[in-house]
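Novice: Sharing a model prediction with you, sequence too.
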Amino acid sequence: MTDVSKGFDLTSIAELKQCESDKDANEYLKLGWVLLSTHLTDYGHPVERHQKTVYCLGWQKSLGKPKHPKSEYAHLGGN
């Protein structure tokens, strides 16, 4: 995995993707995407807030056309 904190050139990124589950993020990482950052978001009722992690991934231009994981719904005409 590339460590973006050590001077990774963000101009080399051709496409960005956000995932809200570690399972989805790992599927992209297996295909060659790089993890650019993570952050937390809050949602829900103001009194009982919930948090979730969002994974920001990038596809490097040097790898050609971006690869995307096959959707679990591909048999229904999706990805």
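Specialist: Now that the structure is in, tell me what you want to look at.

Novice: Just confirm Asp22 contacts Thr53, I think it does.
Specialist: Yes: using Cβ atoms under 8 Å, Asp22 and Thr53 qualify as a contacting pair, with a distance of 7.4 Å. Bear in mind the C-beta positions are built from the backbone N, C-alpha and C, glycine included.

Novice: pLDDT score assigned to the residue in the chain sticking out farthest from the centre?
Specialist: Ranked by distance from the centre of the chain (Cα atoms, centre = their mean), the top residue is Val47, with 29.5 Å. In this model, Val47 is scored at 83, pLDDT.

Novice: That one belongs to a helix?
Specialist: No: judged by DSSP: H, G, I helix; E, B strand; the rest coil, Val47 forms no part of a helix; its state is coil.

Novice: For Gly32, see how far away it is.
Specialist: 43 Å (Cβ to Cβ, to the nearest Å).

Novice: With adjacent residues omitted, what lies nearest to Gln60?
Specialist: Of all residues not flanking Gln60 in the chain, Ser12 sits nearest, at 5.2 Å (Cβ to Cβ, 6 or more residues apart in numbering).

Novice: what sits against that neighbour?
Specialist: The contact partners of Ser12, taken as Cβ atoms under 8 Å, 6 or more residues apart in numbering, are 60-62.

Novice: most neighbours, which of those residues?
Specialist: For these, counting by other Cβ atoms under 10 Å, the largest number of neighbours falls to Gln60: 17 neighbours.

Novice: can you tell me how far it sits from Gln18?
Specialist: Distance, Gln60 to Gln18, by Cβ to Cβ: 17 Å.

Novice: before we move on, what about Asp24?
Specialist: Between Asp24 and Gln18 the computed distance is 9 Å (Cβ to Cβ).

Novice: Could you please give me the overlap between the contact lists of the two?
Specialist: Common neighbours of Asp24 and Gln18 (Cβ under 8 Å, 6+ apart) are Tyr55.

Novice: Quick check: mean pLDDT of stretch 30-37?
Specialist: 96.

Novice: Which parts of this protein are strands?
Specialist: 13-19, 34-44, 49-60 (DSSP state E).
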